[in-house]
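J.: Structure of the sequence below:
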Amino acid sequence: MQNEQRIELLKKVRRVVVKIGSGVLKDDDGSLSEETLERLVGDVCALRDGNRLQVILVSSGAVMAGRKKLNLPAGKLTIPQKQAAAAVGQVQLMKLYESAFSKHGGKVAQILITHSDIAYDYERVKNVRNTMDTLLEMGVVPIINENDTVTDEEIKFGDNDTLAAKTASALEMDLLLILSDVDGLYDSDPRLNRDAVVVDYVTDIRAALSYSKGSSSSTGSGGMSAKVNAAKIAIEAGIPTLIVSGKRKGAIGDAMRSGGTLFPPVSGKLSAKKHWIRHAKKHEGRIFLDRGAVNAIMHHGKSLLASGIKSIEENFSEGDGVVMVDGTTPVAYGISNYGSKDLARIMGKKNSEIEKIPDLKMHDEVVNRDNLVIDSFVKSLFYRDEDKE
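T.: Predicted structure coming up:
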């Protein structure tokens, strides 16, 4: 039955994001493998041409390529060293991709993105989407990477799996295909358990997250845990996600039929804007709620009012993203109508009291329901129907 569901899901795919990680591109000596890159490009072109798909690549490898070119020492790089390696490596990486795609009659474009390009202004997301749409319509394959040359730790996506998921979501793609250095998500660590098997169809994302704990990558910034978290981001936007091996020739095409791990999209997907609020917009502050506010938001579809706020943390401005917290548990995410200074003046008060405060621009809600997203995991785990007040 699950195989039939898989086939039906993948039949509808017309636009796909393919993420290629450092672990896939790495040669035995730790350098970037040009042979592997050319093989993967051939597989991507076969997938694109054979299935009439539009493809976007999210590729790691720039730092790895630049590291070799600059003869940087083994071990962890400083941020300036990493940024220098990325600057040099992006040139090398794009030369390789341009050469490999040209052998198949393909054209490529380089797109460098930082978190700020999509985190602060939803209009900027639309601009990125318009550029990508135009390139795809012209038959060009956009190749995306995080702009490590200018990105610092505070504004990073964290890993290219997350970048790929947020790209797929922002562009409303039909499939996220993550290439790994293993065959998919195992039900336990195959290094420790010989009987570990690949989970071919994920029906419980929480279980999948538990399977992936403790995994790591010596080359990139994310292991299997990062890939499963990326899948969670994508499926909440209604985008199915496949994790397959990029180490085997033909694995990309095979994945459209069988193999790897498929995460089907969740029902009741988030709208594009709400998905952006939940997964892309940076959350600058925390708002701690009383039980009545939690109940109103979680179970009755209400906006957040000042009267339900117990305390706040961090400094933030009107229009910034915030996390709404019950005790220690984040329960919702949204856009605040108040900055932290004004919110400190009105929290815990009713609107009738707020109206009397001088020199205050008043809003009916702190976070309007249209700009508020409930955490789906928290709702399913901690706030079931029997907990309603």
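
J.: any weak-confidence spans in the stretch 151-300 of the chain?
T.: Applying pLDDT under 70 to the stretch 151-300 of the chain flags residues 151-158, 214-222, 268.

J.: if I pick residue 304, what's in contact with it?
T.: 287, 289, 293, 297, 324, 332, 334, 365, 366, 367, 372 (CB atoms under 8 Å, 6 or more residues apart in numbering). C-beta here means a position set from N, CA and C on the backbone, and glycine is covered the same way.

J.: Buried residues of the helix or strand containing the fourth one, list them for me.
T.: Under DSSP states H and E, the secondary-structure element containing residue 297 is helix 291-300. With burial defined by 16 or more other CB atoms under 10 Å, the residues of helix 291-300 counted as buried are 293, 294, 295, 296, 297, 298.

J.: now stretch 162-181
T.: 162-171, 173-181.

J.: just stretch 330-338 next, same as before
T.: 331, 332, 333, 334, 335, 336, 337, 338.

J.: So the fourth one belongs to a strand, correct?
T.: Yes. With DSSP: H, G, I helix; E, B strand; the rest coil as the criterion, residue 334 is assigned to a strand.

J.: quick one: pLDDT of it?
T.: Note on residue 334: pLDDT of 96.

J.: now the buried residues of stretch 330-338 in a markdown table, with distance to residue 5?
T.: Shown next, in a markdown table, are those (distance: CB to CB, whole Å):
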| residue | distance to residue 5 |
| --- | --- |
| 331 | 31 |
| 332 | 31 |
| 333 | 30 |
| 334 | 34 |
| 335 | 36 |
| 336 | 40 |
| 337 | 42 |
| 338 | 45 |
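
J.: and the longest helix seen in the chain, what's its mean pLDDT?
T.: Across the chain, the longest stretch assigned as helix under DSSP state H is helix 79-102. Average pLDDT, helix 79-102: 92.

J.: tell me which residues of that helix are tucked away?
T.: Neighbour-count burial for helix 79-102 [16+ other CB under 10 Å]: 81-90, 92-94, 96-97, 100-101.

J.: next helix or strand past that helix?
T.: Downstream of helix 79-102, the first helix or strand assigned by DSSP H and E is strand 107-113.

J.: quick one: average pLDDT of that following strand?
T.: 90.

J.: Buried ones in that strand, by neighbour count?
T.: Buried, per 16+ other CB under 10 Å, within strand 107-113: 108, 109, 111, 112, 113.

J.: Show me how this protein divides into domains.
T.: 2-274, 282-387 (automatic domain parsing).

J.: Could you identify which of these is most buried?
T.: Most buried of these, by mean neighbour count (mean count of other CB atoms under 10 Å): domain 2-274, with a mean of 18.

J.: what separates that domain from the chain centre, distance-wise?
T.: 10 Å (CA atoms, centre = their mean, to the nearest Å).

J.: Stretch 361-373 now?
T.: 26 Å.

J.: Outside of it itself, list whatever touches it.
T.: Residues outside stretch 361-373 that contact it (CB under 8 Å, 6+ apart) are 270, 274-275, 277-278, 287, 297, 301-306, 309, 322, 324, 332-338, 342-343, 351, 354-355.

J.: before we move on, back to that, quick one: the longest helix of the chain to strand 107-113, angle?
T.: Put simply, helix 79-102 runs at 160 degrees to strand 107-113, going by axes from the mean of the first three to the mean of the last three CA atoms, to 10 degrees.

J.: elements contacting helix 79-102?
T.: Contacts defined by 3 or more CB pairs under 8 Å, 6 or more residues apart in numbering; DSSP states H and E place helix 79-102 against helix 34-51, strand 54-59, helix 62-69, strand 107-113, strand 140-146.

J.: what angle separates it from helix 34-51?
T.: 50 degrees.

J.: Can I get helix 79-102 in CSV? Just the C-alpha atoms.
T.: Provided in CSV are the C-alpha atoms of helix 79-102 (Å, rounded to 0.1, in the frame of the first residue of the first chain):
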residue,chain,number,x,y,z
ILE,A,79,35.4,31.6,10.6
PRO,A,80,37.7,33.9,8.5
GLN,A,81,39.5,30.9,7.1
LYS,A,82,36.2,29.2,6.2
GLN,A,83,34.9,32.4,4.6
ALA,A,84,38.1,32.7,2.6
ALA,A,85,37.9,29.0,1.5
ALA,A,86,34.2,29.6,0.5
ALA,A,87,35.1,32.6,-1.6
VAL,A,88,37.8,30.7,-3.5
GLY,A,89,35.9,27.4,-3.6
GLN,A,90,32.7,28.9,-5.0
VAL,A,91,34.6,29.8,-8.2
GLN,A,92,36.1,26.3,-8.4
LEU,A,93,32.7,24.6,-7.7
MET,A,94,30.8,26.6,-10.3
LYS,A,95,33.4,25.9,-12.9
LEU,A,96,33.0,22.2,-12.3
TYR,A,97,29.2,22.4,-12.4
GLU,A,98,29.2,24.6,-15.5
SER,A,99,31.5,22.2,-17.3
ALA,A,100,29.6,19.1,-16.2
PHE,A,101,26.1,20.5,-17.2
SER,A,102,27.4,21.8,-20.5
